[in-house]
Structure formats: structure tokens, C-alpha cells
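Visitor: The sequence isn't on hand, but the structure is:
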């Protein structure tokens, strides 16, 4: 009996130590140009290449989230899509735009991947590969974050940019349709705003704006995978959100971080 109790105490102490270690871990706050970046390493290092560094800030300034995560099929979780070079070469995923043919502002978008010829890649091909496979290599970028976002409305956290306001002010014009990929369809009207009442006493209510979110996400990015369609049916908690569920699928990863409480908890009835 004593041995069982001793074993249980040891197990409990070990579990507590693990929790304390996790809680006490302080992560480095990413620099503004790093916030939201995703390392893609399904097969890169296996193939002898550096992982891909996907810059969300640049792509979100051009495309809606919906067009990438619905029309192109990118998962909301890093490394969950399992992208292969052959997929890109055939026009899937990154290759839907990075194909050397599609244009943006009068210039062709560089091709993402190609099959290695028998004699190996030419230096120019290797340089092109390193534009994406850039983890730890820091190649020259065509767009610099600080130059690109100069004059954009500011925010307190994340990468310091209020992207919703930037879109509202016309600083960025989002593309929500890729020819040959997206399906033409009439847009659904945005639903009414939803008031969410926190369970913590004294915490201001959340006024969820469907109108603001549908600009970026449409309807199908959130429903029904992240949220049930019926109002109040999704029992949301901050624990779930911090674990990447519900709002946490985007906020804290790409959208403004969860420490910016007042961006959501700002609604008070008068």
C-alpha cells in the first residue's frame, strides 16, 4: 500500500513539475515582420533543403484568407497540408499563383517549384528556390515589411498593423478570386452582429462583427468547422481559444494576438 501511495505521489509531483515548466516558459516575442510567419517543413529538410518561411503579412495584404484556406485548401494548422514540390508544379497550393504566368500589378509572379533536371539545377534556379526555402538563410526580399507597411494604421500588438482598418481605408485591396481555381458565386449577405456575454463578472461583452470577418474569411472558413451556425450553440471559453480552437484558430497565430483583450471585449450596453 505504501509503495502505491509513494508511486502516486511521485507521479503527481512529476505532473505538477511538467505543468509549472510549461506555464513558466517565456517565449520570445516575434518581431513585427516575423509575427504570423509559418515554417513549412513537411519534406524540405528530408530533401536537403531549408524549410520554407511563409510570410503571412505579405500574402494577407494581397489575398483574402478565404481564397487560400478554402479555394486552395491550405489547412489552418502549420505542416498539416503536406505540400510537395510536385503539387506546386502541377498548379496546386502555392503553385496556383506561383507559376511564372499569373501577374500581380503588371509583373509575373515567380514560379514556385520545378522538377530537378538530370544535370541538376542551374544557379538561377537555386536562387529562386531559396526565395521560399529561406529558413536561416535570409535572402534578399522583394518586399520589405517596414517599407511596405509605412503609413498603415497601427495596432498595439502582433505585427503592429491594424489590417482591418488598412482594408477599410483602401491601403490594401484584397483579391478574393483566382481564375481557374475559384468558383464564381453570388456573395451571401453578412449576418447581424452577435453579442457574446463572458462568464467572468465585470468583463465587457464581445460584439462579434460578421461584416468585418466576412471581408477576409467569407462564411465557409468559419462555418461549420470552427463554429456551429446556430447562435449560442458553440460554448466558447478562453481556455479553448488559447488552445487554438474557435477564435484561436487565427487569433494569436496570424490575426491580432489574444493579449489585446480590448479589441474584442469592448462592448458595453448603455
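Guide: Happy to help now that I have it. If you're wondering where the values come from, they're calculated on a predicted model, not measured in any experiment.

Visitor: could you pull out the helices for the stretch 1-150 of the chain?
Guide: 2-23, 56-60, 65-66, 85-89, 123-129, 145-148 (DSSP state H, counting those that start in this stretch).

Visitor: For residue 251, grab phi and psi.
Guide: phi -70, psi 130 (degrees, to the nearest 10).

Visitor: tell me the contacts of it?
Guide: 241, 257, 258 (CB atoms under 8 Å, 6 or more residues apart in numbering). For glycine as for every other residue, the C-beta is placed from the backbone atoms N, C-alpha and C.

Visitor: With residue 195 as the reference, measure out to the closest residue in space to residue 199 that isn't next to it in sequence.
Guide: In space, and not counting its chain neighbours, residue 199 is closest to residue 237: 7.7 Å by CB to CB, 6 or more residues apart in numbering. Distance of residue 237 to residue 195, given as CB to CB, to the nearest Å: 17 Å.

Visitor: hang on, isn't residue 37 packed against residue 55?
Guide: Yes: between residue 37 and residue 55 there is a contact under CB atoms under 8 Å: 5.6 Å.

Visitor: And for the nearest residue to residue 71 once chain neighbours are set aside, the neighbour number?
Guide: Counting by CB to CB, 6+ apart, residue 182 is the residue found nearest to residue 71 once chain neighbours are left out, at 4.8 Å. Residue 182 has 16 neighbours, counted by other CB atoms under 10 Å.

Visitor: got a markdown table for the contacts of residue 251, with neighbour count too?
Guide: What follows is those, written out as a markdown table (neighbours: other CB atoms under 10 Å):
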| residue | neighbour count |
| --- | --- |
| 241 | 17 |
| 257 | 19 |
| 258 | 17 |
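
Visitor: show me what contacts the residue nearest to residue 205 when sequence neighbours are not counted?
Guide: Spatial nearest neighbour of residue 205, chain neighbours left out: residue 267 (4.5 Å); criterion: CB to CB, 6+ apart. With contact set as CB under 8 Å, 6+ apart, residue 267 has these partners: 195, 204, 205, 206, 207.

Visitor: Low-confidence ranges, the stretch 101-250 of the chain, go.
Guide: Within the stretch 101-250 of the chain, the set of residues satisfying pLDDT under 70 comprises 115-121.

Visitor: now the strands for it?
Guide: Taking DSSP state E, counting those that start in this stretch as the test, the strands found in the stretch 101-250 of the chain are 103-104, 107-108, 194-196, 205-208.

Visitor: Out of these, which one sits most buried?
Guide: Counting by mean count of other CB atoms under 10 Å, strand 205-208 has the highest mean neighbour count of those, with a mean of 17.
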